[in-house]
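Participant: pasting a predicted model and its sequence here:
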Amino acid sequence: MKALVIDQIGHTEFREIETPQLGNNDVLLRVLHVGLCGSDLNTFRGANPLAALPRIPGHEIGGEILEIGPNVPTDFQPGKRGIVIPYSTCGTCMACRSDRPNACKNNQTLGVQKDGGMCDVISVPYDRLILNTTLPAPHLALVEPLSVGFHAVARGQVSKDETVVVMGGGMIGVGAILGAKARGARVIVAEVSDAKTDTLLALGVETVINPQTQDLNAEIMRLTDNLGPNLVIEAVGLPETFRAAVDLASFAGRVVYVGYAKSEVSYNTSLFNLKELDIRGSRNATRVDFETVISFLTGQEKLANTLISKIFPWTKADQAFTYWEANRNKTFKVMIDLQDA
C-alpha cells in the first residue's frame, strides 16, 4: 500500500509499505481523511524533538472499518466510520492510574513517536476508535484538533460569563475559542495574522488583537475594566507568550498552557503569588473531550467547513506541507482526502 513519508527535513515522498497486521483487539481502517497538525509541520521542518525521520505523519484521522480482529466487539462492523484517538496509554503510570490517560507518561502518538495515518490503511486497537454516523467524512478529521482546545477549556474550568483570552488563532486556539463559547464565556483572541481576523470573529470572538501592531496588555485591560481576564489559554508556544499569559491574567485568575515553548522561559515569579494564580498544563484530549466535540459539530456543517482551508487529493498529498508552509498566515486546517486511494 502507499504512504506519504517525511523522509528528510523539508521533503516528503510516497513509498510503498506493507499493509499492517491485524491484532486480536484491532480494527483495520481504510483512511478517509487526515488533517495536518502543527506537530506534523514541525516534523517536516526538523523541529519536532519527539519525531525521528523517516516518519509517516498524521494523527487527525477519520476512517472506515475494513476488518476486525477476533476479540473486537460486534459493534465495530466493517463499513462503519469512526474517529481515531491517536494516543496510546500504558495503564500503569500515575496519570493513567489517576484516570488522566491523555497525560500518559509513556504515550506514543500516531505520526509523532510512531508512524501515523497518512497511508491507505491503518490498524488501531478498537478502544482507540470512536464510531460515528452523524458527521460528514471530512469532519471526522476535525475532531481531534478541536478536542485538544476543548480539553484546555476543561482544564481552565471555564464558566458562564467569564472572560477568556486565547493566545493563538490556529486550530488548537480555535478549539479553545469554541469550547469557551460553548460554556457561555466571553472570548478575546490575540493573533498576529490579520488574515484570520474575519473567520475568528465569525466564530463568536468579541475582539481580535494583533500584538505586533497593538499594545496587547493595554487593550486587554481596557476591555476588562482594568481587571484582566479570568483565564488565559496559551496556544502559541513561545517564551514571550508564556510570560504574557501570566502578566495578563487577573488577580485570582487562571492560566492554561496548551502550547509548549521550545526553549526555557524566565518569569517574574512574584506574580504567581501576588495574583495567587492557578497555572495548569493541558495535554492531548480525553475521550470525553472527543465526544463533546462530536456533539458540538453535529449539525454545524457550515462552521466545520469554514475551518478547512484546503483539501489535497491523495495523489497530491506530497504538496501539502510546502503549501501550508507558504500560507500559514491564512490557513486553519489543511486536509488530505484519501477516499479515492
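Facilitator: Happy to help now that I have it.

Participant: hmm, Ala245 is touching Val255, no?
Facilitator: Yes - judged on Cβ atoms under 8 Å, Ala245 makes contact with Val255 at a distance of 4.8 Å. C-beta here means a position set from N, CA and C on the backbone, and glycine is covered the same way.

Participant: got any residues that touch both of the two?
Facilitator: Listed as contacting both Ala245 and Val255 by Cβ atoms under 8 Å, 6 or more residues apart in numbering are Val232, Glu234.

Participant: could you list the low-pLDDT ranges of the stretch 201-341 of the chain?
Facilitator: For the stretch 201-341 of the chain, applying pLDDT under 70 flags the ranges 341.

Participant: for it, just list every one of the helices.
Facilitator: All helices of the stretch 201-341 of the chain, identified by DSSP state H, counting those that start in this stretch, fall at 216-223, 239-248, 270-274, 287-297, 301-307, 320-326.

Participant: possible to save these as CSV with mean neighbour count and distance to Thr163?
Facilitator: Shown next, in CSV, are the helices of the stretch 201-341 of the chain (neighbours: other Cβ atoms under 10 Å; distance: least, Cβ to Cβ, whole Å):
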stretch, mean neighbour count, distance to Thr163
helix 216-223, 16, 8
helix 239-248, 19, 11
helix 270-274, 11, 18
helix 287-297, 19, 21
helix 301-307, 15, 23
helix 320-326, 17, 32
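
Participant: out of those helices, nearest to Val148?
Facilitator: helix 287-297 (7.8 Å; Cβ to Cβ).

Participant: who touches that closest one?
Facilitator: 83, 85, 102, 130, 132, 134-135, 139, 142-144, 146-148, 150-151, 154, 175, 178-179, 182, 303-304.

Participant: sitting in helices, which of the residues you listed do you find?
Facilitator: 139, 143-144, 146-148, 150-151, 154, 175, 178-179, 182, 303-304 (DSSP state H).

Participant: for Val72, which non-adjacent residue is spatially closest?
Facilitator: Tyr126 (4.6 Å; Cβ to Cβ, 6 or more residues apart in numbering).

Participant: the one you found: how many residues sit nearby?
Facilitator: Other residues near Tyr126 come to 20 when the count uses other Cβ atoms under 10 Å.

Participant: does Lys114 touch Gln108 like I think?
Facilitator: Yes - proximity of Lys114 to Gln108 meets the contact threshold set by Cβ under 8 Å, at 5.1 Å.

Participant: still on that earlier bit, can you redo the helices of the stretch 201-341 of the chain as TSV with distance to Glu162?
Facilitator: Shown next, in TSV, are the helices of the stretch 201-341 of the chain (distance: least, Cβ to Cβ, whole Å):
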stretch	distance to Glu162
helix 216-223	13
helix 239-248	14
helix 270-274	20
helix 287-297	18
helix 301-307	22
helix 320-326	33
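
Participant: any of the contacts of helix 287-297 buried? List them.
Facilitator: 83, 85, 102, 130, 132, 135, 139, 142-144, 146-148, 150-151, 154, 175, 178-179, 182, 303-304 (16 or more other Cβ atoms under 10 Å).

Participant: can you give me the strands in the stretch 1-150 of the chain?
Facilitator: Remark: strands assigned in the stretch 1-150 of the chain by DSSP state E, counting those that start in this stretch are 2-8, 11-16, 26-35, 60-68, 81-84, 121-125, 129-131.

Participant: and those: which comes nearest Asn42?
Facilitator: strand 2-8 (10.4 Å).

Participant: the closest one: which residues count as buried?
Facilitator: Lys2, Ala3, Leu4, Val5, Ile6.

Participant: show me how the record splits this structure into domains.
Facilitator: 2-141+299-337, 147-281 (automatic domain parsing).
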